[in-house]
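Undergrad: Here is a sequence with its predicted model. Questions after.
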Amino acid sequence: MKTLALLVALILSATPLRAQPILVDLELALMVDVSRSVSYHELEIQRRGYAAALRSDALADAVGSGAMGRIAITYVEWAGSQREIVPWTLIESREDLHAFADALTVTFNPTMRRTSISEALAYATAAINSNDYDGIRRVIDVSGDGPNNQGRHVEEMRDAAISQGIVINGLPLLTQDGLWSLWSIDDLDVYYRDCVIGGPGAFVVPVLGWEDFADAVLQKLVMEVFIGSIPPAEQIIPVQYNEGESYDCLIGEKMWAQRSQDWNMP
């Protein structure tokens with residue numbers, strides 16, 4: 001018996017134990033679109049917009065409003081694949097927010113291709129489930145300037161995240177600049193509402209022009225972080241939506257297939 005007990009003790013001592021997760025008010029995955037339709041200049045606008053929001057007094061106050069006064073954030077850029085820019089970071093003070101903001105503006109990486117909101121949601125869900133934090137609330141915050149056109153169906157990944165208690169909020173970019181506006185849709189805010197976001201209190205904050213980006217990001221972050229914030233009943237600008245109609249959540253995939261076929265015709 002002593003030999004068996006010793007053997008069990010040796011096995012347990014050789015198995016690394018995962019540290020207890022750090023309790024936080026919020027786990028927030030910031031998923032930012034850098035697909036081919038987003039220019040280098042627009043990438044910089046997004047990074048600097050988030051950095052400005054992170055340095056704001058309003059967000060610092062929001063972080064302090066929670067029961068534990070701390071949150072965990074990561075910043076990931078996505079297109080057809082994902083690139084972690086700032087890893088999961090514990091935010092407990094104004095200095096932590098400023099350090100996170102500084103990390104965003106050290107370098108600006110070139111953009112990637114295609115638009116896979118679905119894989120961004122899948123990546124964020126896995127990242128939330130595997131990090132070192134345990135949040136009272138768990139949120140994916142996804143931005144984008146076009147509908148999903150690659151990877152799994154966006155509704156499938158949305159529903160998978162929601163089923164695990166994760167809320168998804170959206171920041172649709174209704175800027176439609178240049179050639180790659182061909183891959184976007186006029187009512188992208190409605191697409192985000194019906195096909196991307198979900199969970200209790202989920203909301204959409206549309207960006208109508210790049211000059212509005214920083215203000216929209218600050219509004220969105222404060223609403224997500226501030227424990228007492230209640231999103232307005234209608235936080236989305238309707239464009240061509242008719243109540244009772246079902247939105248085609250495969251519109252991006254269909255646009256890609258049709259235009260790729262047109263461009264390949266002799």
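TA: Received it, and whenever you're ready, just let me know what you need. Numbering: from 1, shown residues only.
Undergrad: And the strands in the protein, which stretches?
TA: Ranges of strands in the chain, per DSSP state E, are 22-33, 71-78, 82-91, 133-144, 167-172.
Undergrad: average pLDDT across the second one?
TA: Looking at strand 71-78 alone, the average pLDDT works out to 95.
Undergrad: can you check the first one too?
TA: Strand 22-33 carries an average pLDDT of 96.
Undergrad: and that strand, which strands flank it?
TA: strand 71-78 (parallel), strand 133-144 (parallel) (DSSP bridges).
Undergrad: Please work out which of the strands of the chain is packed deepest.
TA: strand 167-172 (a mean of 26; mean count of other CB atoms under 10 Å). Using the backbone N, CA and C atoms, a C-beta is placed for each residue, glycine as well.
Undergrad: Just the mean pLDDT for it, thanks.
TA: 93.
Undergrad: got the angle between it and strand 133-144?
TA: 30 degrees (axes from the mean of the first three to the mean of the last three CA atoms, to 10 degrees).
Undergrad: How far off centre is strand 167-172?
TA: From the chain centre to the centre of strand 167-172 is a distance of 7 Å (CA atoms, centre = their mean, to the nearest Å).
Undergrad: Send over it as PDB, restricted to the C-alpha atoms.
TA: The C-alpha trace of strand 167-172 is given here as PDB (Å, rounded to 0.1, in the frame of the first residue of the first chain):
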ATOM      1  CA  VAL A 167     -22.400  37.900 -25.400                       C
ATOM      2  CA  ILE A 168     -21.500  39.200 -28.800                       C
ATOM      3  CA  ASN A 169     -21.600  43.000 -29.600                       C
ATOM      4  CA  GLY A 170     -21.000  44.500 -33.000                       C
ATOM      5  CA  LEU A 171     -19.300  47.600 -34.500                       C
ATOM      6  CA  PRO A 172     -20.200  47.600 -38.200                       C
END
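Undergrad: for the chain, which spans come out with low pLDDT?
TA: Applying pLDDT under 70 to the chain picks out residues 1-18, 36-38, 108-114, 176-184, 227-245, 256, 259-266.
Undergrad: Helices along the stretch 51-200 of the chain, start to end?
TA: Secondary structure of the stretch 51-200 of the chain (DSSP state H, counting those that start in this stretch): helices at 57-64, 94-104, 117-130, 154-163, 188-191.
Undergrad: Output the contacting helices and strands for the last one.
TA: With contacts defined as 3 or more CB pairs under 8 Å, 6 or more residues apart in numbering; DSSP states H and E, helix 188-191 has these neighbours: strand 167-172.
Undergrad: who touches the strand it packs on?
TA: 121, 137-145, 158, 161-162, 188-189, 191-193, 196-207, 216-217, 220, 224 (CB atoms under 8 Å, 6 or more residues apart in numbering).
Undergrad: What are the buried residues along stretch 142-157?
TA: Buried positions in stretch 142-157, judged by neighbour count with 16 or more other CB atoms under 10 Å: 142-151, 154-155, 157.
Undergrad: Need the max-distance pair from the residues you listed.
TA: Spanning the widest gap among these are 145 and 155, at 19.6 Å by CB to CB.
Undergrad: Just the buried residues of the contacts of strand 167-172.
TA: Counted by 16+ other CB under 10 Å, the contacts of strand 167-172 give 121, 137-145, 158, 161-162, 188-189, 191-193, 196-199, 202-207, 216-217, 220, 224 as buried.
Undergrad: just to revisit the earlier point, nearest to residue 92, of the strands paired with strand 22-33?
TA: strand 71-78 (8.4 Å).
Undergrad: Taking their axis directions, that closest one and strand 82-91 sit at what angle?
TA: 170 degrees.
Undergrad: got the angle for strand 71-78 vs helix 94-104?
TA: 10 degrees.
Undergrad: Restrict strand 71-78 to CA atoms and write it as CSV.
TA: C-alpha atoms of strand 71-78 as CSV (Å, rounded to 0.1, in the frame of the first residue of the first chain):
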residue,chain,number,x,y,z
ILE,A,71,-11.3,43.3,-16.2
ALA,A,72,-9.3,41.3,-18.7
ILE,A,73,-8.9,42.3,-22.3
THR,A,74,-7.3,41.0,-25.5
TYR,A,75,-7.0,42.8,-28.9
VAL,A,76,-7.0,40.6,-32.0
GLU,A,77,-7.0,41.6,-35.6
TRP,A,78,-8.8,39.3,-38.0
